[in-house]
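# predicted model and sequence below, questions to follow.
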Amino acid sequence: MNLASAALRFGQLDAARRALADVTPGDRDRAAYHVVAGWLARAEGNPTEQERQFAVTHGTDALEGKFEQEQIDVFDINRTSIDLVTD
């Protein structure tokens with residue numbers, strides 16, 4: 001996921017897509033995967049998918065018992081960014 005994240009920072013959407021596609025199925029259930037997938041969706045201009053990915057992240061953390069205030073804040077920031085872009 002680090003490669004996908006770095007690719008996004010440099011605007012390399014194809015590289016980010018390939019890196020996410022290479023993530024093992026077990027790691028696709030992790031919150032970090034959905035965060036990166038959400039930012040990729042944003043870069044692609046797909047706010048619906050972005051919101052879905054961030055919502056999955058929020059639920060994944062809760063299910064894993066890793067639901068901490070910092071993660072709530074990140075979700076809120078991501079959700080706010082969606083609202084700002086779509087308004």
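Cool, got the structure.
# next, Thr24: phi, psi?
Backbone torsions of Thr24, given as degrees, to the nearest 10, read phi -60, psi 150.
# can you read off the pLDDT for it?
In this prediction, Thr24 carries a pLDDT score of 94.
# for the nearest residue to Ala4 once chain neighbours are set aside, which residues are in contact?
Of all residues beyond its chain neighbours, the one nearest Ala4 is Ala19 (3.7 Å), with distances taken as CB to CB, 6 or more residues apart in numbering. Glycine gets a C-beta too; all of them are placed from N, C-alpha and C. Taking CB atoms under 8 Å, 6 or more residues apart in numbering as the definition of contact, the neighbours of Ala19 are Met1, Leu3, Ala4, Ala7.
# the first one contacts Asp27, correct?
Yes - distance between Met1 and Asp27: 7.5 Å, which falls inside the contact criterion (CB atoms under 8 Å).
# and for these two, which residues touch both?
With CB under 8 Å, 6+ apart, Met1 and Asp27 have common neighbours Tyr33.
# fine, thanks again, bye for now.
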